[in-house]
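>>> Predicted structure and sequence below. I'll ask about it afterward.
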Amino acid sequence: MHFRRNSDGFSRLCCKGVLGYRDTDQYLNIPDRSAVFSHIDDKKEGLAILLEVGSLTFAYGKRNVLNGINLEVKEGNLCALLGENGSGKSTLLRIICGMEIAEKGGVLLSGKNIQDLSAKERARLTAYLPQRFGVYFDTAVLDIVLMGANPNLKFGQTPTKAHVCRAYEALDYLHISHLAEANYMYLSEGEKQMVMIARCIVQGAPLLLFDEPDSSLDVNNRYHMMQVLRRLADEEKLGALLVLHDPQLALAYCDKVYLLKGGKICAEIEKGVSSADTVEKGLRQVFSGIKVYENEGELFLGYRRSL
Ligand SMILES: Nc1ncnc2c1ncn2[C@@H]1O[C@H](COP(=O)(O)OP(=O)(O)OP(=O)(O)O)[C@@H](O)[C@H]1O
C-alpha cells in the first residue's frame, strides 16, 4: 500500500505538481529571490526540492545563532545536520517548522514560503520530531501513532482504514508492532521515541524534520531506524533533514551531510561524491579529532582523543 497515492490528497502528490518552483516567487516575500536562493540549482536530476533555506539569519535577543544558512533537501534524499552542542541545529529545525521566525532570509517548503502557510498546511508538508516530546497521555500506542493523521483529517473526522493500515505498517517497519495496544505512558524512552517516529510516518508529509531521532535508541535500533528512513526515501521519495550527533551514522545512510559551525554551514559532504580527504576535512571543521579511513569504498571513522 502506498499511502501517498491515497485520494485523501496527501502532500507528496500536491507538492509535485500544482506549484512548480517557477511559480514560487509570488509566494516569497523576498524582493530578489535569486540573491537569496542563488545556490540552488533547481533543475538538477529533476527531483523536486522539498526544502530550501536561503540566507537565513536568526538571533535570540542579542545572541546571534544562525548567520546566513543555505541548504536544501530534495525528494528521496536523507540529509544530516551535524554540529556542536549549542550550534543552533534545533533552532534551525524550529524555524523550518514555523515555530520561530527568521530575522532575514527565507524558508520554502515544496516551493511555498512558510510565512504564507497555516499550521495545518505546514503539518501536511513537514513531519517534525522534536528533541523532547510532551506527550504524557495514558493512551494506547496505536492511538498516539494515529494522531499523526490529524493534519489530513477534517474537523471531527476519525482516521480512516488507510490511516490505521499505515499506522500498523509504520509500527511494523520499526519492529514495534507488538506494542500497538500497550500504554504509551509505560514504555521505555527508546520505545517512546520509535512510537513518535511511527507517528511522523503516518503524517504522510513529504519532508521529515527529525531532531536527534536516535538519542534514546540502542545501537541496533539506531541503525534499524536509519534503514527505515532510507527505505522511505528510496521507495516513497520522502526527504529528511535529520539532526544527528553521530557522524558515522550520518555518513552510512545520508545522501548529504551539512556541518554547522559559527552560525553557518561550514562544510557539505555528498555521498559518493566527496573523497575520504574531503570528508575528513569537512568533519574536522566541527570534530577536530576525527580521522576517516576508507575500506572497499566504505568510510569508517576513528577519533583521536589527545590532539
Ligand atoms: N528559547 C531560547 N532563548 C534563548 N536562547 C536560546 C533559546 N533556545 C536556544 N537558545 C540558545 O541558542 C543556542 C542554540 O541552541 P540550539 O538548541 O538550537 O542548539 P543545538 O545545536 O540544537 O544544541 P544541542 O546539540 O545541544 O541540542 C544555544 O546557545 C542556546 O543556549
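Noted; the coordinates are in hand.
>>> List the residues that contact the closest residue to the ligand within the stretch 101-250 of the chain.
Closest residue of the stretch 101-250 of the chain to the ligand, C-beta to the nearest ligand atom: residue 131 (6.1 Å). Bear in mind the C-beta positions are built from the backbone N, C-alpha and C, glycine included. Counting by C-beta atoms under 8 Å, 6 or more residues apart in numbering, residue 131 touches 90, 211, 212, 215, 243.
>>> Spatially, which two of those residues are the most separated?
90 and 215 (11.6 Å; C-beta to C-beta).
>>> Between these two, point out the one with more neighbours.
residue 90 (18 against 15; other C-beta atoms under 10 Å).
>>> The ligand versus that one, what's the distance?
3 Å (C-beta to the nearest ligand atom, to the nearest Å).
>>> is it true that that residue lies in a helix?
Yes: under DSSP: H, G, I helix; E, B strand; the rest coil, residue 90 falls within a helix.
>>> OK, contacts around it?
130, 131, 211, 243.
>>> now do residue 189
So residue 189 contacts residue 216 (C-beta under 8 Å, 6+ apart).
>>> Quick check, pLDDT for it.
With respect to pLDDT, residue 189 scores 93.
>>> I'd like the contacts of residue 90 as CSV, with secondary structure appended.
Below are the contacts of residue 90 laid out as CSV (three-state DSSP):
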residue, secondary structure
130, coil
131, coil
211, strand
243, strand
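>>> Lowest mean pLDDT among the helices and strands of the chain, which one is it?
Every helix and strand of the chain was ranked by mean pLDDT, DSSP states H and E. The lowest is helix 11-17, at a mean of 26.
>>> Give me the buried subset of the contacts of residue 90.
With burial judged by 16 or more other C-beta atoms under 10 Å, the buried subset of those is 130, 211, 243.
>>> Which one of these is nearest to residue 48?
The nearest one, if we look at these relative to residue 48 and count by C-beta to C-beta, is residue 243, at 22.6 Å.
>>> wait, what's in contact with the closest one?
Applying C-beta under 8 Å, 6+ apart, the residues contacting residue 243 are 80, 81, 82, 89, 90, 93, 131, 210, 211, 212.
>>> cool, and residue 164?
Residue 164 sits in contact with 142, 146, where contact means C-beta under 8 Å, 6+ apart.
>>> By pLDDT, give me the weakest of the contacts of residue 131.
Confidence-wise, residue 215 trails the rest of the contacts of residue 131, at 94.
>>> isn't residue 124 right up against residue 153?
No: contact criterion C-beta atoms under 8 Å: residue 124 and residue 153 do not qualify, at 11.0 Å.
>>> If you count surrounding residues, which of the two has more?
residue 124 (24 against 14).
>>> Quick check: which element contains that one?
helix 119-125 (DSSP states H and E).
>>> Export that helix to PDB, keeping only CA atoms.
Extracted C-alpha coordinates of helix 119-125, given in PDB (Å, rounded to 0.1, in the frame of the first residue of the first chain):
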ATOM      1  CA  ALA A 119       0.000  25.500  10.800                       C
ATOM      2  CA  LYS A 120      -2.100  22.800   9.200                       C
ATOM      3  CA  GLU A 121      -0.600  23.400   5.700                       C
ATOM      4  CA  ARG A 122       2.900  23.200   7.300                       C
ATOM      5  CA  ALA A 123       2.000  20.000   9.000                       C
ATOM      6  CA  ARG A 124       1.000  18.500   5.700                       C
ATOM      7  CA  LEU A 125       4.400  19.400   4.200                       C
END
